[in-house]
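Asks: sequence plus predicted model, see below.
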Number of protein chains: 2
Amino acid sequence: MILEAALLHIRTGESVAFEAAFLQAQAILSSMPGYLSHELQRCLERDGHFLLLVRWDNVAAHEEGFRKSSQYQDWKKLLHHFYDPFPTVLHYELVQGNSIGI
Amino acid sequence: MILEAALLHIRTGESVAFEAAFLQAQAILSSMPGYLSHELQRCLERDGHFLLLVRWDNVAAHEEGFRKSSQYQDWKKLLHHFYDPFPTVLHYELVQGNSIGI
């Protein structure tokens, strides 16, 4: 299992619309092969700042399976126009921990 | 429940020592009131880059309870010398998601 993490900066005044669009977009994400779970987290200290965490079976499930799918075009259309700047997306593997999830 | 997230940049060549120190330090973290779970995640794309995720009952459990505890001095001593620069720590609340945790 790997963790995809992206810090999202949403255009000023568009956070509510972004959250509504994400509610729709997450159905795309969770239908993909290799998808395990996700969380959209809203920052308490910084307006318009979110953390997206997605757990996948492996990096290929995200980078090949999801990003090269036809569904990714719908995801892009729903969400990418909210980002400024476009986020850096990185992948992580667990070193230590005992998450209980949510 | 809130999520604390910190992107950690470890001094060049010190990642192995950092991971060993974290193994010791996490016992401090998980003994604190209001602590729920944590994950230390190692970045696959960037050497020396980690993501620390800690779930707490609330922000005060982290900022008041943990940071003002005597145990925090031990945590600092074990870990802070590895960071360059010192990390920005932010807190998040869940918007959407269905994490299965780890």
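Replies: Done, it's in.

Asks: next to chain B, which bits of chain A? Give me the list.
Replies: Counting by CB under 8 Å from any CB of the partner chain, the positions of chain A adjacent to chain B are A:1-3, A:5, A:19, A:22-23, A:26, A:30, A:36-46, A:49-51, A:53, A:55, A:59, A:90-102. Placement of C-beta: from N, CA and C, glycine included.

Asks: dihedrals phi and psi, residue A:77?
Replies: In this entry, residue A:77 is assigned phi and psi values of phi -60, psi -40 (degrees, to the nearest 10).

Asks: scratch that, residue A:27 is what I was asking about
Replies: In this entry, residue A:27 is assigned phi and psi values of phi -70, psi -30 (degrees, to the nearest 10).

Asks: show the pLDDT at residue A:97.
Replies: Predicted confidence (pLDDT) for residue A:97: 84.

Asks: ignore what I typed, I meant residue A:52.
Replies: The predicted local distance difference test score for residue A:52 is 98.

Asks: related to what we said a few turns ago, whichever of the residues of chain A next to chain B end up buried, select them in PyMOL.
Replies: Only the buried entries of the residues of chain A next to chain B go into this PyMOL selection, using 16 or more other CB atoms under 10 Å in any protein chain shown:
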select buried, chain A and resi 2+3+5+19+22+26+36+37+38+39+40+41+42+43+49+50+51+53+55+59+90+91+92+95+97+99+102
